[in-house]
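Colleague: dropping the sequence and predicted coords here.
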Amino acid sequence: MIRVSMQAPRLELRQVSKTYSNGEQPVEVLHGISLAAQAGTVTALLGRSGCGKSTLLNLAGAMDFPTTGEVLIDGRGTGTLSDSELTALRRKRVGFVFQSFQLLPTLTVLENIELPLLLAGANHREAARERLEWVGLPEKAGSLPYQLSGGQMQRVAIARALVHSPELLMADEPTGNLDTVSGDQVLALLREAATRFGATILMATHSAEAASIADVRVRLRDGRIQSVETQ
């Protein structure tokens, strides 16, 4: 079991396995994964494509459920939550950042950032502007995504993922499409999101440089934990 400290973990996976059926025979993507992460820490998931990193992020973020085992957030299993509780969890306590940014092309930068707050029924304009300023792009509030560079789009995506102050942030290859300078800016924001805002971050990455900001580095191979390193 991986633990960063003796405190109770915010996120815990207990002997988690995930099996998909392709119509012919089941495919087991994850095998008996156990790990835990505290508030304010970054855990990097490393491994080749197809090793289970993205599947693990989806389970940890309550977007999917394990076939066997448990995923617990603050001690409560995601599989025990009602539909309304799951909706509230995803809207208020979890954020996602993707390699492909996934900004809505017809909305301005500020409108993209506001979306999680609108879905949660929260006051949105001031919080969105604060997050946009935090990522260093206040002058881009009225721009459309196509008017931004890749690095700027990812910084906007991070602002959107964190605008509702989620306790958990899942980052799937957040620097995969970026140059070195832009990647470093994104990594600095993710590290600050953990240390300043107390977010628990799971980051899937192929990059050793990206993994270097993590408190814990978990290497996956064929759906199993191969090794664990801690700072």
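Modeller: All right, it came through fine.

Colleague: quick check: residue 215 vs residue 198, distance?
Modeller: 13 Å (Cβ to Cβ, to the nearest Å). The C-beta positions use only the backbone N, C-alpha and C, and glycine is treated the same way.

Colleague: buried stuff in stretch 47-65?
Modeller: Neighbour-count burial for stretch 47-65 flags 47, 51-62, 64-65 (criterion: 16 or more other Cβ atoms under 10 Å).

Colleague: contacting residues around that stretch?
Modeller: 11, 13, 16, 18, 29-30, 33, 45-46, 66, 71, 73, 78-79, 81, 86, 89-90, 94, 96, 168, 170, 172, 202, 204, 206, 219-223, 226 (Cβ atoms under 8 Å, 6 or more residues apart in numbering).

Colleague: so where do the strands sit in this structure?
Modeller: All strands of the chain, identified by DSSP state E, fall at 11-21, 26-37, 42-46, 68-73, 76-77, 94-98, 168-172, 200-205, 216-221, 224-230.

Colleague: ok, residues contacting the fifth one?
Modeller: Going back to what we said before, that points to strand 76-77. By Cβ under 8 Å, 6+ apart, the list of residues contacting strand 76-77 reads 70, 71.

Colleague: what strands line up against it, and which way round?
Modeller: strand 68-73 (antiparallel) (DSSP bridges).

Colleague: who's in contact with the lowest-mean-pLDDT helix or strand in the chain?
Modeller: When the helices and strands of the chain are compared on mean pLDDT, DSSP states H and E, helix 109-120 comes out lowest with a mean of 88. With contacts defined as Cβ under 8 Å, 6+ apart, helix 109-120 is touched by 91-92, 95, 103-104, 107, 123-125, 127-129, 131-132, 137, 140-145, 148, 156, 159-161, 163-164.

Colleague: which of those count as buried?
Modeller: For the contacts of helix 109-120, buried by 16+ other Cβ under 10 Å: 91-92, 95, 103, 124, 127-129, 131-132, 137, 140-141, 144-145, 148, 156, 159-161, 163-164.

Colleague: what's the longest helix belonging to the chain in contact with?
Modeller: Longest helix in the chain by number of residues (criterion: DSSP state H): helix 180-197. Residues outside helix 180-197 that contact it (Cβ under 8 Å, 6+ apart) are 40-42, 97, 134-136, 149-152, 154-155, 158, 162, 165, 169, 171, 174-175, 178, 199-201, 203, 207, 209-210, 213.

Colleague: so which residue is smack in the middle of the protein?
Modeller: residue 170 (0.8 Å; Cα atoms, centre = their mean).

Colleague: my guess is that residue contacts residue 98. True?
Modeller: No. With contacts counted by Cβ atoms under 8 Å, residue 170 stays clear of residue 98, the gap being 9.1 Å.
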